[in-house]
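Novice: from the sequence below, what's the structure:
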Amino acid sequence: MTREEYEALRERTLAEHNLNTVGVSKMSEAEILEQFQALSDKIAVQNHMIPAEVLSQQLEANEYGYQQGNTIVLNSDLIKPDTLKEPNNLREMNDTVFHENSHLRDFQASFLSEVRQGMTPEELASLEERLSEVETDSWESYYNHPGEIAAREAGRIGTEKMAHDQQLIADVDSAVNGGRNQILATFDFAVANGKVIYEDTFEMSNVLEAQTMDTSSMQTLEENDAMIGVDENSVDIDTMSAMDDYSFSSDEDDA
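Specialist: Numbers count the residues shown, from 1 in each chain. Model prediction:
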């Protein structure tokens, strides 16, 4: 892992942890959109994708968002702090980001070998089916399309992992911070004390044993890099300047 990749993933994982009902209640709509952008960026880094541009606009009431080319659009009415304070609403919007990135991954796999290389043999074998047109205009054809089935599964797995990680953070807050919700502070504390195994998932169980911060165990950035295996070298990532108008959408019954 290069330093650039590590810093990108670390920053975006903070955003992932902050997309909880308490966190969004303290943000503006613009800040919330930035968090969704960061979550989308993390998905892109993990899958060797070109990051999507995440935008918001007013959509139909039952539509959460859609993907078109290299853009993911979220329903602006559904990313307001008062709306996302409801757990189900926040879960659906988090799900939408994973869902639409699944479509984007398939789209980019059609012309980026780096994306295809990250797919399993089974995913590669069914790629053409997932990219195929929906045969009819019926809801059943849309819902049962291979691309939609895969996107729903990506949404389910992504949101479940987010909920699990956020619960670990909440447990740390309870043990270390007396029950206060301090997502960012807790994460930084865990990193500083060398309790993080940086492979996208975070091993927080050891932190639960600590009741106070032991500053003697604080590590420098270089020491922490050595622990997680950060490469000082950086790599260039090719980018594409043109994207086709290839789109999918998430609606209330699909996400």
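
Novice: C-alpha only now, for contacts and for neighbours.
Specialist: OK.

Novice: all strands in the stretch 1-150 of the chain, in order from the N-terminus.
Specialist: 53-57, 63-68, 71-75 (DSSP state E, counting those that start in this stretch).

Novice: which ones are touching the closest residue to Q37 other than its chain neighbours?
Specialist: Leaving aside its sequence neighbours, Q37 sits nearest to V54 (CA to CA, 6 or more residues apart in numbering; 5.4 Å). V54 is in contact with 33, 36-37, 40, 71-74, counting by CA atoms under 8 Å, 6 or more residues apart in numbering.

Novice: look up how far T83 lies from V54.
Specialist: To T83, V54 is 19 Å away according to CA to CA, to the nearest Å.

Novice: one step back: how far away is the residue nearest to Q37 from L112?
Specialist: Applying CA to CA to V54 and L112 gives a distance of 20 Å.

Novice: what's the answer for V22, then?
Specialist: V22 is 38 Å from L112, by CA to CA.

Novice: again, but for M49
Specialist: Taking CA to CA as the measure, M49 falls 8 Å from L112.

Novice: looking at the two, which is more packed in?
Specialist: M49 (25 against 18; other CA atoms under 10 Å).

Novice: right, and that one touches R116 too?
Specialist: No: if you go by CA atoms under 8 Å, M49 and R116 don't touch, sitting 9.7 Å apart.

Novice: which helices and strands does the helix ranked longest in the chain pack with?
Specialist: Of all the segments of type helix in the chain, defined by DSSP state H, the longest one is helix 146-176. Contacts defined by 3 or more CA pairs under 8 Å, 6 or more residues apart in numbering; DSSP states H and E place helix 146-176 against helix 3-18, helix 87-109, helix 127-131, helix 183-192.

Novice: just the buried residues of the second one, please?
Specialist: By neighbour count, with 16 or more other CA atoms under 10 Å as the criterion, the buried positions of helix 87-109 are 89-109.

Novice: and stretch 20-32, C-alpha only, in CSV?
Specialist: The C-alpha trace of stretch 20-32 is given here as CSV (Å, rounded to 0.1, in the frame of the first residue of the first chain):
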residue,chain,number,x,y,z
ASN,A,20,-24.2,7.8,11.6
THR,A,21,-27.4,9.5,12.9
VAL,A,22,-25.5,11.5,15.5
GLY,A,23,-22.8,12.5,13.1
VAL,A,24,-25.1,13.7,10.3
SER,A,25,-27.2,15.7,12.8
LYS,A,26,-24.2,18.0,13.3
MET,A,27,-23.5,18.5,9.6
SER,A,28,-24.9,20.8,6.9
GLU,A,29,-26.3,19.3,3.8
ALA,A,30,-23.2,20.2,1.9
GLU,A,31,-21.0,18.5,4.5
ILE,A,32,-23.2,15.4,4.3
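
Novice: and that stretch, average pLDDT?
Specialist: What stretch 20-32 shows for mean pLDDT is 88.

Novice: buried residues in that stretch?
Specialist: 20-25, 27, 29, 32.

Novice: who's in contact with stretch 69-88?
Specialist: Looking at what lies outside stretch 69-88 - CA under 8 Å, 6+ apart - the contacts are 21-22, 24-29, 32-33, 50-60, 63-67, 89-90, 93, 97, 100-101, 104, 107, 243-247.

Novice: make that stretch 104-112, sorry
Specialist: 47, 49-50, 52, 67, 69-70, 115-116, 127, 130-131, 246.

Novice: quick revisit: list just the nearest of the buried residues of stretch 20-32 to Q166.
Specialist: Each of the buried residues of stretch 20-32 was scored against Q166 by CA to CA, and N20 proved nearest at 7.7 Å.

Novice: for the closest one, phi and psi?
Specialist: phi -120, psi 170 (degrees, to the nearest 10).

Novice: could you list the low-pLDDT ranges of the protein?
Specialist: The chain contains residues with pLDDT under 70 at 1, 5, 7-9, 11, 173, 176-255.

Novice: try 80 this time
Specialist: Scanning the chain for pLDDT under 80 picks out 1-17, 168-255.
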